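Chemist: need a structure here:
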Amino acid sequence: MAVTKGQGNPNWTREETALALELYFSLDEKIPPSSNKEVEQLSDYLRSMEVHKDAEKNESFRNPDGIVFKIGNIKSVATGKGFKNTSKMDQTIWDEFGSNLKLLKDFCALIRSGVETLKSVPGFLGNEEDDFEFDEGRILTRVHRTRERNRSLRKKLIDKLQKADKCHCEMCSVKPQHELGDLALRMFECHHVIPVSESVRGKTKLSDLSLLCANCHRLIHAVISREKRWLKIEEASKFLSIGKTLEQ
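Modeler: Prediction:
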């Protein structure tokens, strides 16, 4: 299958394609004209999501014609007839949600909730560089990051662990070097121990977080991204052989 790029615009993401599939179903699985009100609304929404840095500056980016073209691609994947320049993402989203409308609607609701969360964080929606992405998609990955960077929660977690004499990285067990004074704790970051899709649904609690050093935190995110599934800290440690390395 050829990959649809369209006038130099970036490839469609998981979230964008899911929202287009939701519209396809709401239109009774028909290809609408570009003047359709719902098509225009989705075009405006995708342009406002800012999942592609500066792409919305291109007038052809996710315009109504592009939305109609994408719906045509989805119909082709669903029926095996019609457009032939569909993408791997079109097929992936159809395989995952094509026969489960409830799951699709739940996922699209999470996307919209995530977009609203990111819009409340100045500069975070469109300017964040995506060096990794979880299987849930770019928007929910960014929501995950914003919540982990909450300074108030981080302080509460560290205070709690210090009182219990358990202030160390839960993966590699490194402890703060007290001779560094106030700088000693700068190496630690919060990590959500529950999947992104679950963490987005509610308010973050201390019980949802673990303390990791910056190195281990980056490693566990990279592994989760590569494996395309959520890993508990114990699983990630074994996967990276961190525990074994420490024993040697």
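
Chemist: please state the offset of the strand or helix carrying residue 118 from the chain centre?
Modeler: Following DSSP states H and E, one finds residue 118 within helix 101-119. Helix 101-119 sits 11 Å away from the centroid of its parent chain (Cα atoms, centre = their mean, to the nearest Å).

Chemist: go on, stretch 52-59?
Modeler: For stretch 52-59, the distance to the chain centre is 19 Å (Cα atoms, centre = their mean).

Chemist: in it, what's buried?
Modeler: If you call a residue buried by 16 or more other Cβ atoms under 10 Å, then stretch 52-59 has these buried ones: 52, 55, 56. Yep, even glycine has a C-beta here, placed from its N, CA and C like the rest.

Chemist: can you list the domain ranges for the protein.
Modeler: According to automatic domain parsing, the chain comprises the domains 14-121, 141-247.

Chemist: deepest in the core, which of the ones you listed is it.
Modeler: Of all the domains of the chain, domain 14-121 has the most neighbours on average by mean count of other Cβ atoms under 10 Å, namely a mean of 17.

Chemist: helices along this protein, start to end?
Modeler: Taking DSSP state H, the helices of the chain run over residues 14-26, 37-49, 64-79, 88-97, 101-119, 124-127, 138-148, 151-163, 196-199, 214-227, 233-240, 242-247.

Chemist: I'd like the ones you listed written out as JSON lines, with distance to residue 208 and mean pLDDT added.
Modeler: Output for the helices of the chain, formatted as JSON lines (distance: least, Cβ to Cβ, whole Å; pLDDT from 0 to 100):
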{"stretch": "helix 14-26", "distance to residue 208": "23", "mean pLDDT": "96"}
{"stretch": "helix 37-49", "distance to residue 208": "26", "mean pLDDT": "95"}
{"stretch": "helix 64-79", "distance to residue 208": "35", "mean pLDDT": "96"}
{"stretch": "helix 88-97", "distance to residue 208": "26", "mean pLDDT": "95"}
{"stretch": "helix 101-119", "distance to residue 208": "15", "mean pLDDT": "89"}
{"stretch": "helix 124-127", "distance to residue 208": "20", "mean pLDDT": "48"}
{"stretch": "helix 138-148", "distance to residue 208": "9", "mean pLDDT": "81"}
{"stretch": "helix 151-163", "distance to residue 208": "9", "mean pLDDT": "92"}
{"stretch": "helix 196-199", "distance to residue 208": "6", "mean pLDDT": "70"}
{"stretch": "helix 214-227", "distance to residue 208": "15", "mean pLDDT": "88"}
{"stretch": "helix 233-240", "distance to residue 208": "13", "mean pLDDT": "83"}
{"stretch": "helix 242-247", "distance to residue 208": "22", "mean pLDDT": "42"}
